[in-house]
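Undergrad: No letters, just coordinates:
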C-alpha cells in the first residue's frame, strides 16, 4: 500500500514562490491501477516524481509498504527505487543501444551476472511482445514499440510499483489502447501497482480502477473511477467530461468500460 500524507512542494522562481503541491493526501492499495488526472500545470507530474523522490517534497510523508520513503538516506533510497519502475512520455531510450541492451542497462549497473541478465531480458521481451525486436535499435521502432521497450526497461528490476508519466500522450489512439491493454495485462499477471498520470480522460476511464483529480496542487476529488464519471462533483472533472464528450461527439466508451 502507498500512503501519501500532507505532501507539499514549492518552487522558487524569479517572480516568487510557486506552490506545486499543497497538503496532498492519497491512499493507493496494492495491485491497483490508480489514475491521477489534471490539466497542464496542475501538479500531477510533481506528485508522481515525489513518490520516488526524483522531486523532494518540502513536507509530508510517503510510506510504501511500511517504509517511509521521505525519511530514507541516499543509500536506502537507491535500494527502494529499484522497486519503483517509471515509464516516460518521450521513452528516454538510448539510441546507441539495441532493444535488449536498453532493457538490460539497469541490470548491468547492478552487476547482475550476464547469464541472468540474458534470461531476464528474454522473459520481459516475451511479456511485452517484442522478442522479434531484441536486436533492433530505437530508430527502427514505431512509437508504440518504443514505449513497450520503455515499459520493459521499467520492469527489469521486478518492481512492485510502476509510475506512468503521461506514457500515452505521444501515441496515436490505436497505439494508446494497445499500451493500456499491455499495462492491464502486466497488472493482472504480476500484481504490480500502477500509478498513471495523464490529462487524457479517456485513458483514465478505460483502465483506472480508482482516480484522483488534481487542480492547482490540491486533490479536489477522488474515488472509484466509475462513480466519479457518473457523479462528478468538482468543476474540473465536469470540465474534463464536457471536453471529452464534445471532442468525441458522442460517448464512444460506456462508463466503466475496461475498469
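TA: In hand now; what should we look at? What you see is a predicted model; the values in this text were computed from it and never measured.

Undergrad: So for the helix or strand harbouring residue 174, what gets flagged as buried?
TA: Assigned by DSSP states H and E, residue 174 belongs to helix 173-190. Within helix 173-190, the residues scored as buried using 16 or more other CB atoms under 10 Å are 175, 176, 177, 178, 179, 180, 182, 183, 184, 186, 187. C-beta: built from backbone N, CA, C; applies to glycine.

Undergrad: Where do the helices of the stretch 51-200 of the chain begin and end?
TA: 74-81, 99-109, 114-127, 143-155, 173-190 (DSSP state H, counting those that start in this stretch).

Undergrad: and among those helices, the most buried is which?
TA: Comparing these on average neighbours per residue, with mean count of other CB atoms under 10 Å, the densest one is helix 143-155 at a mean of 23.

Undergrad: what's the helix or strand for residue 12?
TA: Going by DSSP H and E, residue 12 is part of strand 2-13.

Undergrad: any idea how far the following helix or strand past that strand is from the chain center?
TA: Counting by DSSP H and E, the next helix or strand C-terminal to strand 2-13 is strand 16-28. Distance, stretch centre to chain centre, for strand 16-28: 18 Å (CA atoms, centre = their mean, to the nearest Å).

Undergrad: and the angle from strand 16-28 to strand 2-13?
TA: 170 degrees (axes from the mean of the first three to the mean of the last three CA atoms, to 10 degrees).

Undergrad: and strand 16-28, which residues are buried?
TA: For strand 16-28, by 16+ other CB under 10 Å, it's 20, 21, 24, 26, 28.

Undergrad: For the strand holding residue 12, name the packing helices and strands.
TA: Under the contact definition 3 or more CB pairs under 8 Å, 6 or more residues apart in numbering; DSSP states H and E, strand 2-13 sits against strand 16-28, helix 44-51, strand 59-64.

Undergrad: Pick out whichever of the buried residues of helix 173-190 sits closest to residue 2.
TA: Of all these, residue 187 has the smallest distance to residue 2: 14.7 Å, by CB to CB.

Undergrad: contacting residues for that closest one?
TA: 31, 33, 194 (CB atoms under 8 Å, 6 or more residues apart in numbering).

Undergrad: Just give me the neighbour total for residue 241.
TA: 16 (other CB atoms under 10 Å).

Undergrad: Give me the distance between it and residue 228.
TA: 9 Å (CB to CB, to the nearest Å).

Undergrad: try residue 87
TA: Distance, residue 87 to residue 228, using CB to CB: 24 Å.

Undergrad: same check, this time on residue 180
TA: Using CB to CB, residue 180 is found at 18 Å from residue 228.

Undergrad: Can you flag the buried ones in the contacts of residue 187?
TA: Judged by 16+ other CB under 10 Å, buried ones among those: 33, 194.

Undergrad: hmm, back to that, now do the strand holding residue 12 against helix 44-51, angle only.
TA: Going by the same axes, to 10 degrees, strand 2-13 makes 120 degrees with helix 44-51.

Undergrad: Kindly point out the strands partnered with strand 2-13 and how each is oriented relative to it.
TA: Paired strands of strand 2-13, with direction, are strand 16-28 (antiparallel), strand 59-64 (antiparallel) (DSSP bridges).

Undergrad: In CSV, list those along with distance to residue 202.
TA: Formatted as CSV, the strands paired with strand 2-13 follow (distance: least, CB to CB, whole Å):
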stretch, distance to residue 202
strand 16-28, 21
strand 59-64, 29
